[in-house]
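Engineer: Task: produce atomic coordinates for the following.
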Amino acid sequence: QVQLVESGGGLVQAGGSLRLSCEASGRIFTIPIMGWYRQAPGKQRELVATITDGSITNYADHVKGRFTISRDNAKNTVYLQMNSLKPEDTAVYYCNARVKFNIILSAIDYWGQGTQVTVSS
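Structural biologist: Coordinates of the predicted model:
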């Protein structure tokens with residue numbers, strides 16, 4: 001029904017930057033919230049940032065001031081600009097979209113396949 005395709009991960013040195021993208025496709029009515037989460041080895045998945053379709057953003061404390069989330073509603077795409085990367089940012093980053101298929105039904109969460117971000121010291 002809905003596919004989330006992520007891109008932009010990779011290997012970068014500490015202090016460097018990466019930009020992640022995630023495009024949602026399918027029979028989508030609207031996506032009230034899109035976001036990024038991450039999971040490091042041996043740890044639980046955690047919030048990185050979210051953004052509403054009205055561009056209201058929310059960030060985890062550990063990325064505030066370094067990461068910026070944005071979205072293009074016309075393209076159903078969310079971006080994550082990551083600056084001043086640290087080795088502790090190393091994780092698999094997952095895109096999330098809370099999708100509505102019509103005005104009546106509740107939204108359903110969809111997840112991307114994940115993209116690896118590795119920050120070397």
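Engineer: So the residue lying closest to Arg71 once chain neighbours are set aside, which state does it fall into?
Structural biologist: Once flanking residues are discounted, Arg71 sits nearest to Val78: 4.5 Å by CB to CB, 6 or more residues apart in numbering. In short, each C-beta sits where N, CA and C put it, glycine included. The three-state assignment at Val78 reads strand, by DSSP: H, G, I helix; E, B strand; the rest coil.
Engineer: Is Val78 bridged to anything, and to what?
Structural biologist: Using DSSP bridges, the bridge partners assigned to Val78 are Cys22, Arg71.
Engineer: count of neighbours near it?
Structural biologist: The criterion is other CB atoms under 10 Å. On that basis, Val78 has 29 neighbouring residues.
Engineer: so it makes contact with Trp36?
Structural biologist: Yes. Under the criterion of CB atoms under 8 Å, Val78 makes contact with Trp36 at 7.3 Å.
Engineer: Name the residues contacting each of those two.
Structural biologist: 22, 69, 95 (CB atoms under 8 Å, 6 or more residues apart in numbering).
Engineer: between these, which is nearest Leu47?
Structural biologist: Ile69 (11.0 Å; CB to CB).
Engineer: name the element the closest one belongs to?
Structural biologist: strand 67-72 (DSSP states H and E).
Engineer: From the rest of the structure, what touches that strand?
Structural biologist: Contacts for strand 67-72 (CB under 8 Å, 6+ apart): 34-36, 48-51, 53, 55, 57, 59, 77-83.
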